[in-house]
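K.L.:
Need a 3D model of the following:
(one chain, ligands or ions: 1)
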Amino acid sequence: MTDTPRLLFIGPGMPAVRTRLAKSFDVVDLPADGTEAFLAEHGAGIKTVATFRGIAPDVMAALPDLKVISSFGVGYDSIDANEAARRGILVGHTPDVLNDEVADTTIMLWLAASKKLVQADAWARSGAWEREGNYPLTKSVRNRTVGILGLGRIGQTIASMAEMFDAKVIYHTRTEKDVAYTYYGDLVEMARDADVLVVITPGGAATQHLVNAEVLSALGSEGILINVARGSVVDEVALIAALEEGRLGGAGLDVFESEPHIPDALKAMDNVVLAPHIGSATVETRDAMGALVCENLEQWFSGGTIKACVPECQHLNG
Ligand code: A2R
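P.N.:
Coordinates of the predicted model:
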């Protein structure tokens, strides 16, 4: 296997992806224990990485010959892309193929939170319907103002789906987009005008706690927060306080600050719908994401460029 580039597989990941990569690469797995000793012995010579959980700075530093990292998922906040770019390393990710799936999950969380599906399900199962009668009325999701924080690939897909519910879509990003929706340069102002606030920015330092106590209070006692981005974008302590004090109406959460840990306070609230980071988690979409992880590496193998490169490294991509 001397002419075959060595590939470090950082899992746990999809077996089908590992099998496909093994056709073009000499695949070695990053061990869960003894990583340092493993990298000291095998780090030199590894040119490619496929990862399902980012790459720690010490692992990247221990790979002096690294040329390309192919990461599963569109978000890459667990990879130091600026450091990769500085070292001339390409970073690939899996954008676009998950837009519809994450948007579907977003709408599901919004509808479930607003129409209280989880509580209604419990009501039906417990026999309360027979004992106490009809479930209390909820508020319609029609004709709401939906504020989208982060109007990128996924955010725009969510916006079009929200329009199917007769929503007025408004948005906040750092730069105004060429779209028909109303732009807000100020997130608090947008939250004040929104009935529903959907968070779909990247994670990382630049968006840390962008949704803070002020934003949540502005969204208000009837407002609903939906977070399908990263747990880090929302100040979870402030979120719990706002929900407990009735300053925020409800939430649909797919992501949390310390996954897989979910604070007990959130678990105890009946105005919150919780999901275990399932935004893109269907067989079909995960297959498409896995295929793109492979395509990025296979394209690099045959021509030195990758198919879906993160912006920080785009200047290196051919
Ligand atoms: O700010 P802009 O003009 O670069 O717009 C981007 C926006 N965004 C932000 N908005 C407000 N404050 C920020 N600090 C900030 N940083 C970024 O988020 C853009 O409209 C959007 C990101 O869009 P895309 O790069 O197309 O990402 P995509 O594919 O929609 O995925 C979003 C995230 C992933 O990074 C994962 O964390 C999650 O969805 O699955």
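K.L.:
Of all residues in this protein, which one is closest to the ligand?
P.N.:
In the chain, the residue that lies nearest the ligand is residue 152 (1.7 Å; Cβ to the nearest ligand atom). Where C-beta positions appear, they are placed from N, C-alpha and C, glycine not excepted.
K.L.:
Flag every buried residue along stretch 216-223.
P.N.:
Within stretch 216-223, the residues that count as buried by 16 or more other Cβ atoms under 10 Å are 216, 217, 218, 219, 220, 223.
K.L.:
what number of residues lie near the residue of the chain closest to the ligand?
P.N.:
16 (other Cβ atoms under 10 Å).
K.L.:
what's near enough to touch it?
P.N.:
Residues in contact with residue 152 (Cβ atoms under 8 Å, 6 or more residues apart in numbering) are 173, 200, 201.
K.L.:
Quick check, the last one in contact with residue 149.
P.N.:
When you say that, I think you mean residue 201. Yes. With contacts counted by Cβ atoms under 8 Å, residue 201 reaches residue 149, the gap being 5.9 Å.
K.L.:
any residues in contact with both of the two?
P.N.:
Common contacts of residue 201 and residue 149 (Cβ under 8 Å, 6+ apart): 173, 210, 229, 233.
K.L.:
The stretch 1-150 of the chain against the ligand: which residues are in contact?
P.N.:
74, 75, 95, 102, 150 (Cβ under 6 Å from any ligand atom).
K.L.:
Using the three-state scheme, assign the nearest residue to the third one once chain neighbours are set aside.
P.N.:
In this structure, residue 95 finds its nearest non-sequential neighbour in residue 74, 4.7 Å apart by Cβ to Cβ, 6 or more residues apart in numbering. What DSSP: H, G, I helix; E, B strand; the rest coil gives for residue 74 is coil.
K.L.:
Find the residue closest to residue 288 in space, skipping its chain neighbours.
P.N.:
residue 97 (4.1 Å).
K.L.:
how far away is the one you found from residue 285?
P.N.:
As for residue 97, its distance to residue 285 is 7 Å (criterion: Cβ to Cβ, to the nearest Å).
K.L.:
picking up where we left off before, could you double-check that the residue nearest to residue 95 lies in contact with residue 150?
P.N.:
No. If you go by Cβ under 8 Å, residue 74 and residue 150 don't touch, sitting 11.6 Å apart.
K.L.:
Which other helices and strands does the longest helix anywhere in the chain contact?
P.N.:
Assignment by DSSP state H gives helix 283-303 as the longest helix of the chain. The contact analysis (3 or more Cβ pairs under 8 Å, 6 or more residues apart in numbering; DSSP states H and E) places helix 283-303 against helix 15-21, strand 46-51, strand 68-71, strand 90-92, helix 99-115.
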